[in-house]
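Novice: Okay, sequence plus prediction incoming.
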Amino acid sequence: MLNLIIFGAPGAGKGTQAQKLTEKFNLKHLSTGALLREEVAKESQLGKIVKDVIARGELVGDEIVNQIIEDHILKNGNVAGFIFDGYPRNLQQAKQLDSLLAAKALPLILNLEVNVEELIKRLILRGRESNRVDDNEVVIRNRLNVYEQQTKPLLDFYQAQQRLISVDGEGEIEEIHQRLVQKIKEIKQ
Ligand code: AMP
């Protein structure tokens with residue numbers, strides 16, 4: 001089994017690259033952000049709880065996202081592997097994910113490195129093209145702060161366990177995809 005975490009700041013290209021890797025390696029793509037937005041769109045009980053948190057760019061409670069991930073791992077018992085996108089976002093979530101996958105294969109981390117000016121540029125552009133409520137300048141800055149404070153420290157956690165692979169996340173989408181594919185092929189050998 002090949003389990004991967006696509007990691008990086010908001011706007012680093014995680015969703016785009018996860019989608020391409022999913023097709024290439026026949027993985028199951030699990031994006032907590034997308035799953036939460038579906039709940040908001042459905043106006044489910046959960047959707048109502050998380051709606052404002054997402055709109056502010058804060059993190060939804062660990063229990064909620066951990067439960068979503070556990071449900072989807074259990075529901076997809078026969079896949080070749082998972083690619084986690086937007087999860088984990090803090091140490092508690094990272095440890096939870098390891099315990100869920102301990103009997104299968106611990107995930108490796110693919111970290112997309114993109115400088116902050118480029119991130120802001122991409123997110124503002126995406127905000128114009130999509131209808132994401134959190135892609136406006138004020139919330140973008142908050143999401144980048146949340147990333148710096150709560151999520152980025154995970155790089156040390158994974159580095160210490162030699163599970164971190166960093167890739168230059170700037171350039172053409174296809175070019176970045178090929179960098180990731182190259183790294184994954186090296187791992188699989
Ligand atoms: P994303 O699509 O990954 O940028 O996520 C959009 C929003 O969903 C985030 O700003 C959070 O409010 C929420 N979210 C997504 N994944 C998580 C997570 N793992 N933990 C907490 N909140 C999350």
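Specialist: Everything's here; your move.

Novice: Asn142 contacts Ile54, doesn't it?
Specialist: No - look at Asn142 against Ile54 with Cβ atoms under 8 Å: they stay out of range, at 11.4 Å. Bear in mind the C-beta positions are built from the backbone N, C-alpha and C, glycine included.

Novice: Settle it for me: which of the two has more neighbours?
Specialist: Between Asn142 and Ile54, counted using other Cβ atoms under 10 Å, Ile54 has the larger neighbour count: 21 against 15.

Novice: Specify the local secondary structure of the more buried one.
Specialist: Following DSSP: H, G, I helix; E, B strand; the rest coil, we place Ile54 in the helix state.

Novice: Pretty sure Val40 is one of the things it touches, is it not?
Specialist: Yes - between Ile54 and Val40 there is a contact under Cβ under 8 Å: 6.7 Å.

Novice: Up against the ligand, what does the chain have?
Specialist: When proximity is defined as Cβ under 6 Å from any ligand atom, the chain approaches the ligand at 10, 32-33, 36, 53-54, 57-60, 65, 86-87, 89, 93, 134, 143.

Novice: if we go to 5 Å?
Specialist: Where the chain comes near the ligand, counting by Cβ under 5 Å from any ligand atom, the residues are Thr32, Gly33, Leu36, Ile54, Leu59, Val60, Val65, Gly86, Tyr87, Arg89.

Novice: Distance to Leu119, pLDDT and secondary structure for these - can I get that in JSON lines?
Specialist: Output for the residues of the chain next to the ligand, formatted as JSON lines (distance: Cβ to Cβ, whole Å; pLDDT from 0 to 100; DSSP: H, G, I helix; E, B strand; the rest coil):
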{"residue": "Thr32", "distance to Leu119": "19", "pLDDT": "98", "secondary structure": "helix"}
{"residue": "Gly33", "distance to Leu119": "16", "pLDDT": "97", "secondary structure": "helix"}
{"residue": "Leu36", "distance to Leu119": "21", "pLDDT": "98", "secondary structure": "helix"}
{"residue": "Ile54", "distance to Leu119": "18", "pLDDT": "97", "secondary structure": "helix"}
{"residue": "Leu59", "distance to Leu119": "18", "pLDDT": "98", "secondary structure": "coil"}
{"residue": "Val60", "distance to Leu119": "21", "pLDDT": "98", "secondary structure": "coil"}
{"residue": "Val65", "distance to Leu119": "22", "pLDDT": "98", "secondary structure": "helix"}
{"residue": "Gly86", "distance to Leu119": "15", "pLDDT": "98", "secondary structure": "coil"}
{"residue": "Tyr87", "distance to Leu119": "19", "pLDDT": "98", "secondary structure": "coil"}
{"residue": "Arg89", "distance to Leu119": "16", "pLDDT": "98", "secondary structure": "coil"}
